[in-house]
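Q: need the 3D shape of this:
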Amino acid sequence: MSKLNKEEIEFITKCLNAGKPLPDSYRYILPFETKKEYELTYEGKEREEDILADTMAVPLQPVKTFFNGGSGWPASRSFSEGWTNKLIFGDNLQVLKALMDDSEVYDKNTGRGKVKLIYVDPPFGTGDIYDAKGNAPAYSAKLQGAKFIEFLRKRVVFLKEILADNGSIYVRIDYHFGHYIKAVMDEIFEKNNFQNELIVNRICKKGFGANRFPTATDSIFYYKKSKQFIFKGFRKKIKEKRGVRWHSMDSMTGSRTTGVPRIILGKKMVPPMGRVWTFSQERIYKMEKKGKIKLNKSGRPVYQIEATDTESIDSNWTDIPGYTFKWKYPTENSEQLLERIIVASSNPGDIVLDSFPGSGTTGAVAEKLGRRWIMIDCGKLAIYTMQKRLLNLRKEIGNKGKPLKPKPFTLYNAGLYDYKMVKELPWEKYREFVLKLFQCRDEKHRIAGVELDGYLGEDNVMVFNYKKNKDVILDRGFIDDLHKILGDKIGYKFFIIAPAASVMFFEDYIEKRRTKYFALRIPYSIIDELHRKGFSHITQPIRESDVNATIDAVGFDFIRTPEVECNYYIGKTDGELFDKAIIKINKFTSTILSKKPIKFENRETLSMIMIDYNYDGLVFDFDDVFYADDIKKQDWEVRFDVNKIGTQIMIIYIDIFGNEKREVKTLKNLKKK
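A: As a prediction, this is how the structure comes out:
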């Protein structure tokens, strides 16, 4: 490392003062210290400390709990009734930050996570189109290069925090970024905690390979968090049961005392050069009593291996499918794959987490194997696919055998909330929720006799009790009166959380001498003063190829039902039969609350339409999805076989921001045309 001269020091100082980046040539001459033996460097890489501190958490809003009623159908459930498995709709980075406030997932007092096993199969970030069915595009992971590496790295930073000390993490990745992600995993989990690179099948790609060999496999990187970790291996069934076999005692390694002689069948024996005995002396004595040790023709000891119909697996897992398509979801991991991982690295009752669950294989297999689970996804298609899958579970791996009623699981919103449900919360629950919503610490205190609710950083926060003070409004007069009491007893910022309807001024804040009084409105996306990054929505795809697009959402928003106007009728195709149900979309508009009003063209914000052809009146169990891109090509019509319609159907219209409009129709509602 070169020593900096006076001119270089002055140049660096000028750059720092001006907030300008240093030229790349300074990378190797700056005298900084690092604790890491090596690390991957790239544009946009953030410090782990900044990722943990700056990521915005979004509280979980329970929407519905399934299978906790006597009939096994959805019913309401409070937080106090104990653990339910978690299916969370939201940006996984913000949700992982929020889970660090969940005592069942993370112990804030000790700083230790409680999740025993994490599996992630993220979009691979390559821009490739992945073929799910052999004849149609499935999805395109469009975030490429350093952005994808940092996208995944941020999530791994949080995953490590909530992983238990004796926990393990498995990360599936393809050949495009596998070598980079391996370096990232070594950096975060430390290279000595790397256990295996497992080889798994990917989707077969016929027709590739004009200039290279077709790619047939993906990698799964398996890491433990510490020296003490759960690992039980996995044994697979074999077609023909093996009889009793005899194995050389000096053919395996692993003895704690390499090369030490043993007394075997009354003789003192030394292992061959470079080898160790398989068993301890105590174990040898026990096996001798059972007749499980003998000398072979060469006078060397051998031990008996029991007859078995199973054998241990190694790191080559190409004997099982890597992907399956039972639930018609692109990149759907097979149940056989998750069975091996969950059996090997967890115990019954442990928490298993997947932050890119897609079709929900991890939760489905965890359910079958008696584990608790958490799944987080930002896609409505994924959420409804997982909901359907959990409602139609079968006991055996591969979703075979008898039906299996899952243990209660709760569907949560995180980042996109139902404002009506927030308003209906009891006051203390409302207060707790909105404090979390704006990242405030819940610490009641008093200043000059005024009861305050907490802090945002070091600044005071008041939650306006609109339920108690129904006739009070937040106007300039309210701020004047408050300032007269608090005045110079508070700092430069003071925050008031209140319903937007209670706030009678339009500015983000009102300034009184040295103090700015901010109004944090509900519903309200986010104000510039709160976060370094501007607000950005979770977005839903308009075409199948974007189903697994990588998303980085910031902040929160509230559900606003889109306006939908449609004609429903039965039409003819070829011939004279009225055999097609048709939905003609005449109008579809979304409303977005923002400082600068955003106007969209008609139908511009439509993402997809999902249909349950035989809606039971309780649970949406979706059967089909139609993407806006395809609907537009059909002159804004959705067409399907009229014979699919049962007693009634439910249609969910979803906009690109995740908002929904629901309609229930019967055959009587469809006119012939």
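
Q: buried residues in the helix or strand hosting R431, which are they?
A: According to DSSP states H and E, R431 maps onto helix 427-437. Neighbour-count burial for helix 427-437, counted by 16 or more other Cβ atoms under 10 Å, picks out Y430, R431, E432, F433, V434, L435, K436, L437. (Each C-beta comes from the backbone N, C-alpha and C, glycine too.)

Q: check which helices and strands the helix or strand just after that helix sits against.
A: Using DSSP H and E, the helix or strand that follows helix 427-437 in sequence is strand 441-447. Packed against strand 441-447, as judged by 3 or more Cβ pairs under 8 Å, 6 or more residues apart in numbering; DSSP states H and E, are the following elements: helix 427-437, strand 450-456.

Q: can I have strand 441-447 written out in CSV, keeping just the CAs?
A: What follows is strand 441-447, C-alpha atoms only, in CSV (Å, rounded to 0.1, in the frame of the first residue of the first chain):
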residue,chain,number,x,y,z
ARG,A,441,-39.6,4.0,19.1
ASP,A,442,-42.5,3.3,21.4
GLU,A,443,-41.5,5.1,24.5
LYS,A,444,-44.2,7.1,26.3
HIS,A,445,-42.9,10.3,28.1
ARG,A,446,-44.0,13.8,29.1
ILE,A,447,-42.7,17.2,28.3
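
Q: neighbouring strands - and their directions - for that strand?
A: Note on strand 441-447: by DSSP bridges, its sheet partners are strand 450-456 (antiparallel).

Q: and the angle from the partner strand to helix 427-437?
A: Relative orientation of strand 450-456 versus helix 427-437 (axes from the mean of the first three to the mean of the last three Cα atoms, to 10 degrees): 40 degrees.

Q: tell me the mean pLDDT over strand 450-456?
A: Computed over strand 450-456, the mean pLDDT rounds to 95.

Q: quick one: contacts of that strand?
A: 431, 435, 438-446, 460-463, 482, 485-486, 493, 495, 497, 530 (Cβ atoms under 8 Å, 6 or more residues apart in numbering).

Q: just to revisit the earlier point, closest to P62 among the buried residues of helix 427-437?
A: F433 (10.7 Å; Cβ to Cβ).

Q: report pLDDT for K599.
A: Value listed for K599 in the pLDDT field: 82.

Q: so it sits in a helix?
A: No - counting by DSSP: H, G, I helix; E, B strand; the rest coil, one finds K599 to be coil, located in no helix.

Q: burial count for it?
A: Using other Cβ atoms under 10 Å, K599 is surrounded by 7 other residues.

Q: try the one 4 residues further on
A: Using other Cβ under 10 Å as the criterion, R603 is surrounded by 16 other residues.

Q: tell me which of the helices and strands packed on strand 441-447 lies nearest to I9.
A: Comparing these by Cβ to Cβ, strand 450-456 comes nearest, at 38.0 Å.

Q: check which element follows that closest one along the chain.
A: Sequence order places strand 459-463 as the next helix or strand after strand 450-456, per DSSP H and E.

Q: output that next one as CSV, nothing but the C-alphas.
A: Extracted as CSV, the C-alpha positions of strand 459-463 are listed here (Å, rounded to 0.1, in the frame of the first residue of the first chain):
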residue,chain,number,x,y,z
ASP,A,459,-36.9,13.8,18.0
ASN,A,460,-40.3,13.6,19.9
VAL,A,461,-43.4,12.0,18.5
MET,A,462,-47.0,12.4,19.4
VAL,A,463,-49.8,10.1,18.1
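
Q: now that strand: average pLDDT?
A: Per-region confidence: strand 459-463 scores 95 on mean pLDDT.

Q: which helices and strands does that strand pack with?
A: Packed against strand 459-463, as judged by 3+ Cβ pairs under 8 Å, 6+ apart, are the following elements: helix 427-437, strand 450-456, strand 493-499.

Q: repeat that for 10 Å
A: For strand 459-463, the elements it packs on are helix 427-437, strand 441-447, strand 450-456, helix 476-486, strand 493-499, strand 515-522, judged by 3 or more Cβ pairs under 10 Å, 6 or more residues apart in numbering; DSSP states H and E.

Q: may I see these organised as a markdown table, with distance to S280 added?
A: What follows is those, written out as a markdown table (distance: least, Cβ to Cβ, whole Å):
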| stretch | distance to S280 |
| --- | --- |
| helix 427-437 | 54 |
| strand 441-447 | 55 |
| strand 450-456 | 59 |
| helix 476-486 | 73 |
| strand 493-499 | 65 |
| strand 515-522 | 66 |
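
Q: picking that back up, of the buried residues of helix 427-437, which is the nearest to E49?
A: Nearest to E49 among those is K436, at 21.9 Å by Cβ to Cβ.

Q: what about that closest one, distance to D107?
A: Here K436 is placed at a distance of 18 Å from D107 (Cβ to Cβ, to the nearest Å).

Q: kindly report the same for G291.
A: Counting by Cβ to Cβ, the gap from G291 to D107 is 50 Å.

Q: okay, now the unreliable bits of the stretch 401-550 of the chain?
A: Residue ranges of the stretch 401-550 of the chain with pLDDT under 70: 524-535, 550.

Q: show me the domain layout of this structure.
A: Split into domains by automatic domain parsing, the chain comes to 6-33, 54-235+314-416, 244-306, 440-522, 560-672.

Q: helices of the stretch 501-650 of the chain, start to end?
A: Remark: helices assigned in the stretch 501-650 of the chain by DSSP state H, counting those that start in this stretch are 628-633.

Q: which stretches in it count as strands?
A: Under the criterion DSSP state E, counting those that start in this stretch, the stretch 501-650 of the chain contains strands at 509-512, 515-522, 557-558, 563-572, 578-589, 606-612, 624-627, 637-641, 649-655.

Q: do the stretch 301-450 of the chain as well
A: Applying DSSP E, counting those that start in this stretch to the stretch 301-450 of the chain gives strands spanning 301-305, 308-312, 323-324, 332-333, 351-354, 372-377, 394-396, 400-403, 409-414, 416-417, 441-447, 450-456.

Q: just send these back as CSV, with mean neighbour count and distance to I118 too.
A: What follows is these, written out as CSV (neighbours: other Cβ atoms under 10 Å; distance: least, Cβ to Cβ, whole Å):
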stretch, mean neighbour count, distance to I118
strand 301-305, 18, 35
strand 308-312, 11, 24
strand 323-324, 20, 20
strand 332-333, 24, 14
strand 351-354, 27, 5
strand 372-377, 26, 10
strand 394-396, 13, 25
strand 400-403, 10, 27
strand 409-414, 22, 18
strand 416-417, 22, 24
strand 441-447, 12, 28
strand 450-456, 18, 31
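
Q: out of the ones you listed, which is closest to N5?
A: strand 450-456 (44.7 Å).

Q: that closest one vs strand 459-463, what angle?
A: Strand 450-456 and strand 459-463 are oriented at 120 degrees to each other (the same axes, to 10 degrees).
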